[in-house]
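Chemist: build me a model:
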Amino acid sequence: MELQGRVAVITGGTRGIGRAIAEAYLADGASVVINGRSADKGAEAIREMNGGDRVFFVQGDVKSRVGCQAIIDAAIAKYGKIDIMVNNAGGSTDNAQVVDLTDEALDNALKWNLWSTFWCTQMALRDMLPRGWGRIINISSLEGKHGKPGVSIYVTAKHAINGLTKSCAQEIGTTGVTINCICPGAIETDTMRDEGPGAAVAMGMTYQDLLDWFASEAAIKRLNSCEEVAAVASLLASEAGAGITGSMISVDGGTAAY
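Modeler: Numbers count the residues shown, from 1 in each chain. A predicted model of the protein is given here:
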């Protein structure tokens, strides 16, 4: 129960990596606020997690500052503070070659991935810094460390999240608040199943070819699991993670070169 008494907010927390992190934090003793766009999926997640009064769902879209503020305000109204902010919402969408990308697609991807992370980080810091303790965990990606054809706007956003994390860590290093990125490799979440086929087409392959390619690139020759990402998120949220900040931690089965 390392996180007993802590309050965590997880955007995109009703399924996939976000859901696994929420369940890990509940097991560690924290109270958890999960966010998502679907009220039905939120209600289902709350029922399945069976966390009683320690789990709370806030419906909302992180693609606007107003949406992010509503999530933060609801968490503080419910539990009185935010100790851990997990910026998990995001994904790869509107995939195309650079020459074919539209401004609308670029704007959508950056709001979903980058701007939501910036807004929630900024808002959470305003609650954490006066109290001298906090953990911000940004779910980046393997694509935040290298390029990949056909998904350039996603790659751009994740590189930017990594840069934001490094710079913010330098600003808040002595405050008791840490900020880090987890960079997962390919994981076949619900989101992957929804969006992977489009990404595969943009890259000139089938969805199964894409999964096989991801596995072949990893040293362990398989995809990672959401639970393996959640284990790292638990470490970073704990007192044991106090000395880790400004880091890009890969959970990719040995795929990234650095």
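Chemist: what's the neighbour count on His243?
Modeler: Slight slip there: residue 243 is Gly, not His. 7 (other Cβ atoms under 10 Å). (C-beta placed from N, C-alpha, C; glycine too.)
Chemist: so what touches stretch 14-25?
Modeler: Stretch 14-25 has contacts (Cβ atoms under 8 Å, 6 or more residues apart in numbering) with 3, 6, 8, 10-13, 32, 34-36, 38, 41-42, 44-45, 49, 55, 57, 84, 86, 88-89, 139, 184, 187, 189-192, 225-227, 229-231, 233-234, 237.
Chemist: the longest strand in this structure is where?
Modeler: Ranked by residue count and defined by DSSP state E, the top strand of the chain is strand 177-184.
Chemist: and after it, which helix or strand comes next?
Modeler: Moving toward the C-terminus from strand 177-184, the first helix or strand encountered (DSSP states H and E) is helix 190-202.
Chemist: if we go by neighbour counts, what in that next one is buried?
Modeler: Neighbour counts over helix 190-202 (16 or more other Cβ atoms under 10 Å) mark 191-192, 195-196, 198-200, 202 as buried.
Chemist: check stretch 243-256 too.
Modeler: 244-253, 255-256.
Chemist: in strands only, show me the residues you listed.
Modeler: Using DSSP E, the buried residues of stretch 243-256 in strands are 248-251.
Chemist: residue closest to the middle of this structure?
Modeler: Asn88 (2.0 Å; Cα atoms, centre = their mean).
Chemist: that older thread, which one of the buried residues of helix 190-202 is nearest to Val151?
Modeler: Ala199 (5.7 Å; Cβ to Cβ).
Chemist: not counting its neighbours along the chain, what's nearest the closest one?
Modeler: Asn95 (5.0 Å; Cβ to Cβ, 6 or more residues apart in numbering).
Chemist: quick one: the one you found from Met49, how far?
Modeler: 32 Å (Cβ to Cβ, to the nearest Å).
Chemist: neighbour count: the two, which is higher?
Modeler: Asn95 (23 against 19).
Chemist: from Ala8, how far out is the residue of the chain positioned farthest from its centre?
Modeler: The C-alpha centroid of the chain is most remote from Val99, which lies 28.3 Å away (Cα atoms, centre = their mean). According to Cβ to Cβ, Val99 and Ala8 sit 41 Å apart.
Chemist: so how far is stretch 187-200 from its chain's centroid?
Modeler: In terms of Cα atoms, centre = their mean, to the nearest Å, the centre of stretch 187-200 is found 16 Å from the chain centre.
Chemist: what does that stretch contact?
Modeler: Outside of stretch 187-200, the residues within contact range by Cβ under 8 Å, 6+ apart are 15-17, 91-93, 95, 150-151, 186, 206-207, 209-211, 223-226, 229.
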